[in-house]
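I would like the atomic coordinates for the input below:
(one chain, ligands or ions: 1)
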Amino acid sequence: MNYSNDSRDVAAVTSPGSIGSHSYEPGALRSALDIKQGGTFNLGALLCDRHCAQGRGEHMALIWENHTGLRKSFTFDDLRRHSNAWAHKLAELGVKPGDRVCLFVDRVPDLYFAFLGILKLGAVAQPLFSQFMADALEVRLADADTRAVITTGRHLEKVRSVRARLPALAWVILTDVKSGAHPTLVEGEVVMTAEEAPPVEFTPFPANEDTPSLLHYTSGTTGRPKGAQHVHGSVLSQYATTRHVLDLRPDDVYWCTADPGWVTGTSYGIIGPWAVGATQAIFEAGFSAQRWYEFIARHRVTVFYTAPTAIRMLMKAPPPTPDQLVSLRHMCSVGEPLNPAAVLWAERVMGRPFHDTYWQTETGAIMISNVPGLPIKPGSMGKPVPSIAAAILDQQTFQPIAVPGKVGLIAFRPPWPSMFRGYFKAEKTYQSKFVGDYYLTGDRGSVDRDGYYWFVGRDDDVINTAGHLVGPFEVESALLRHPAVAESAAVSKPDPTYGEVVKAFIVLRPEHAGSDELKLDIMNFVRKHLSPLAMPHAIDFVEKLPKTRSGKIVRRMLRAQEWGEPVGDLSSLDD
Ligand code: PRX
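You can find the predicted model right below:
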């Protein structure tokens with residue numbers, strides 16, 4: 001796959017719709033959201049109670065369906081009541097404003113109610129992808145000193161297996177179970193399902209724009225995953241971009257396929273759309289092109305936000321029937337490079353192009369995008385959204401590059417409302433993300449003479465598989481726990497569907513011989529301990545790993561081999 005600037009000659013696709021007059025001016029955004037500058041408000045209440053107070057309590061907020069065909073729907077008033085029940089329950093358990101409450105839950109309705117309830121209480125939501133296994137869970141709960149974990153029966157054993165090593169963890173809250181129909185609970189475990197809870201009123205915590213709201217763990221090259229801290233005021237950016245980039249209005253039915261364990265699933269799977277007051281359709285089911293098209297048709301989805309891996313999977317499946325997608329009017333993509341072929345395929349087969357959007361856990365909201373009305377250059381991420389100052393910086397001097405097409409570091413000039421406020425307990429790493437006036441994304445790209453940005457690749461060793469970031473250090477740590485592994489290096493390898501997958505280079509302990517069975521055993525070991533995403537799709541057993549003279553493994557060399565790229569300067573390598 002070629003994500004480079006070479007595709008810029010592809011004819012521009014003009015998206016339907018107009019740019020419209022959306023303001024990014026903070027004063028205008030505050031007044032649209034009823035926030036007084038310098039005053040107090042609460043993000044949880046803003047997303048549901050506010051609509052009720054404005055007479056929209058009976059408007060549909062959530063249409064939910066799962067893989068068994070079970071369907072439920074909830075109005076904004078339901079959101080208000082069920083989130084009150086959660087806030088009340090957490091307060092009753094002694095959870096205090098500022099405490100971290102982890103959501104380790106599949107996409108069941110209580111995930112959404114609990115998220116809003118945590119915010120109403122003034123506590124900090126820590127969403128974690130429910131497919132994480134015990135090792136990945138433990139590291140993140142330990143780092144955050146998490147006070148309570150909300151989970152479902154499917155994931156309870158994983159939580160139980162790490163609990164004894166987490167002294168700060170006071171409560172495990174089992175949800176999505178009917179009372180009386182759950183496993184026997186041990187001390188410190190309780191059951192809470194909002195639809196079964198008695199109605200209560202709850203006075204939301206008086207937060208301000210700088211009050212912590214969310215802690216989203218993300219992976220870097222070195223060390224453990226870092227918790228990016230977000231605040232209640234981030235809604236200003238999310239609201240502006242949901243209106244302008246996703247083109248969402250209160251009468252839309254919107255489907256974001258991202259799981260709230262990742263930032264897209266919170267910024268644009270909870271906060272943005274409910275700040276606008278739109279109806280969200282949520283499908284708790286695995287991928288199936290046919291079922292996805294049927295879901296869009298059944299709920300008359302108008303705006304669709306997904307990721308390139310899903311689009312590539314749709315491209316491989318039979319096309320939709322002509323009547324299935326008639327309701328759709330706008331489609332966006334995020335998380336990994338959107339290859340030009342996917343944009344052109346969508347235009348031909350789905351009737352409209354995907355609009356790429358670029359941002360990160362740290363930026364909290366979309367920074368660069370193809371907004372409706374801007375002609376799309378397939379392969380380009382589009383242009384910085386209004387109010388965002390983007391630049392391509394020289395990799396040595398960190399000065400903006402004025403030459404169109406020259407590759408450098410993608411950077412943004414802070415602040416903006418949804419900017420992360422730090423990495424939890426990792427101030428030095430946070431500081432290392434800033435040089436001069438700029439925040440460094442860790443990505444490389446270029447800007448053309450028309451002001452369009454082009455993604456080239458990451459500037460670090462993080463692996464982006466199916467739009468999910470995997471830290472090589474975490475994979476290597478898991479590999480080292482396997483009895484046959486002496487040393488390892490995890491790097492990205494190109495993949496036609498997932499964009500990238502994990503590949504591991506392994507030096508075996510002397511008493512072990514490489515075999516296909518051992519490869520499978522090691523792959524499964526990572527899947528069971530860390531996560532299915534982090535599982536190496538390929539393993540090479542090697543005699544030794546390339547290292548610098550100081551003994552650091554040079555992943556960049558192994559990665560370059562996988563991608564067929566020049567390996568660069570190897571002068572500091574061991575010989
Ligand atoms: O490398 C970029 C890639 O995903 C990274 C951010 O990942 P995360 O923090 O998990 O947030 C994902 C959802 C916002 C970026 O540093 N990325 C994101 N969007 C794009 C992208 N790469 C290419 N094109 C994009 N549109």
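
going along the chain, name the strands of the stretch 301-450 of the chain.
Using DSSP state E, counting those that start in this stretch, the strands assigned to the stretch 301-450 of the chain run over residues 303-306, 330-334, 355-358, 368-369, 383-384, 390-393, 408-412, 434-435, 438-447.

please identify the most buried of those.
Per residue and on average, the most neighbours among the strands of the stretch 301-450 of the chain fall to strand 355-358, with a mean of 28 (mean count of other CB atoms under 10 Å). For the C-beta atoms, the positions are set from N, CA and C on the backbone; glycine is no exception.

for that one, which strands pair with it and how are they oriented?
strand 330-334 (parallel), strand 368-369 (antiparallel) (DSSP bridges).

quick one: the helices in the stretch 401-550 of the chain?
427-431, 472-480, 516-529 (DSSP state H, counting those that start in this stretch).

reformat these as JSON lines; add mean pLDDT, distance to the ligand and mean neighbour count.
Listed next are the helices of the stretch 401-550 of the chain as JSON lines, based on pLDDT from 0 to 100; distance: least, CB to the nearest ligand atom, whole Å; neighbours: other CB atoms under 10 Å:
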{"stretch": "helix 427-431", "mean pLDDT": "96", "distance to the ligand": "14", "mean neighbour count": "12"}
{"stretch": "helix 472-480", "mean pLDDT": "96", "distance to the ligand": "14", "mean neighbour count": "22"}
{"stretch": "helix 516-529", "mean pLDDT": "98", "distance to the ligand": "19", "mean neighbour count": "16"}
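
quick one: which of these is nearest residue 182?
helix 516-529 (24.5 Å; CB to CB).

CA atoms only: put the closest one into PDB for me.
Taking Å, rounded to 0.1, in the frame of the first residue of the first chain, the C-alpha atoms of helix 516-529 are listed here in PDB:
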ATOM      1  CA  ASP A 516       5.800 -23.800  13.900                       C
ATOM      2  CA  GLU A 517       4.100 -25.200  17.000                       C
ATOM      3  CA  LEU A 518       6.300 -22.900  19.200                       C
ATOM      4  CA  LYS A 519       5.400 -19.900  17.000                       C
ATOM      5  CA  LEU A 520       1.700 -20.700  17.500                       C
ATOM      6  CA  ASP A 521       2.200 -21.200  21.200                       C
ATOM      7  CA  ILE A 522       3.900 -17.800  21.500                       C
ATOM      8  CA  MET A 523       1.300 -16.000  19.500                       C
ATOM      9  CA  ASN A 524      -1.500 -17.400  21.700                       C
ATOM     10  CA  PHE A 525       0.500 -16.600  24.800                       C
ATOM     11  CA  VAL A 526       0.500 -12.900  23.900                       C
ATOM     12  CA  ARG A 527      -3.200 -13.000  22.800                       C
ATOM     13  CA  LYS A 528      -4.200 -14.600  26.200                       C
ATOM     14  CA  HIS A 529      -2.100 -12.400  28.400                       C
END
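
give me the contacts around that helix.
133-135, 475, 478-479, 481-482, 484-485, 504, 506, 508, 512, 534-537, 539, 541 (CB atoms under 8 Å, 6 or more residues apart in numbering).

any chance you could map the strands in the stretch 1-150 of the chain?
Under DSSP E, counting those that start in this stretch, the stretch 1-150 of the chain gives strands at 60-66, 71-75, 100-104, 124-127, 148-151.

which strands and helices lie in contact with the last one?
If contacts are counted by 3 or more CB pairs under 8 Å, 6 or more residues apart in numbering; DSSP states H and E, strand 148-151 sits against strand 100-104, helix 109-121, strand 171-174.

so which residue of the protein comes closest to the ligand?
Distances between the chain and the ligand by CB to the nearest ligand atom are smallest at residue 361, namely 3.3 Å.

wait, that residue touches residue 420, no?
Yes: at 7.3 Å, residue 361 counts as touching residue 420 under the criterion of CB atoms under 8 Å.

intersection of neighbour lists for those two?
residue 228.

show me what the lengthiest helix in the chain is packed against.
As assigned by DSSP state H, the longest helix anywhere in the chain is helix 76-92. When contacts are defined as 3+ CB pairs under 8 Å, 6+ apart, helix 76-92 sits against helix 43-47, helix 49-53, strand 60-66, helix 109-121.

may I see those organised as a markdown table, with mean pLDDT and mean neighbour count added?
Output for the helices and strands packed on helix 76-92, formatted as a markdown table (pLDDT from 0 to 100; neighbours: other CB atoms under 10 Å):
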| stretch | mean pLDDT | mean neighbour count |
| --- | --- | --- |
| helix 43-47 | 98 | 28 |
| helix 49-53 | 98 | 20 |
| strand 60-66 | 98 | 20 |
| helix 109-121 | 98 | 28 |
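
turn these into JSON lines, including distance to the ligand.
As requested, the helices and strands packed on helix 76-92 are exported to JSON lines (distance: least, CB to the nearest ligand atom, whole Å):
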{"stretch": "helix 43-47", "distance to the ligand": "19"}
{"stretch": "helix 49-53", "distance to the ligand": "26"}
{"stretch": "strand 60-66", "distance to the ligand": "22"}
{"stretch": "helix 109-121", "distance to the ligand": "18"}
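
any chance of those in JSON lines, plus distance to residue 238?
Below are the helices and strands packed on helix 76-92 laid out as JSON lines (distance: least, CB to CB, whole Å):
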{"stretch": "helix 43-47", "distance to residue 238": "10"}
{"stretch": "helix 49-53", "distance to residue 238": "15"}
{"stretch": "strand 60-66", "distance to residue 238": "16"}
{"stretch": "helix 109-121", "distance to residue 238": "13"}
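
so which of the ones you listed gets nearest residue 208?
helix 43-47 (10.5 Å).

how about residues contacting that closest one?
33-35, 79, 83, 87, 115-121, 204, 207, 213, 232, 235, 270-271, 274-275.

my read: residue 329 touches residue 301, true?
No: using CB under 8 Å, residue 329 makes no contact with residue 301, being 9.6 Å away.

so which of the two has more stuff around it?
residue 301 (24 against 17; other CB atoms under 10 Å).

leaving out sequence neighbours, find the closest residue to the more buried one.
residue 255 (4.6 Å; CB to CB, 6 or more residues apart in numbering).
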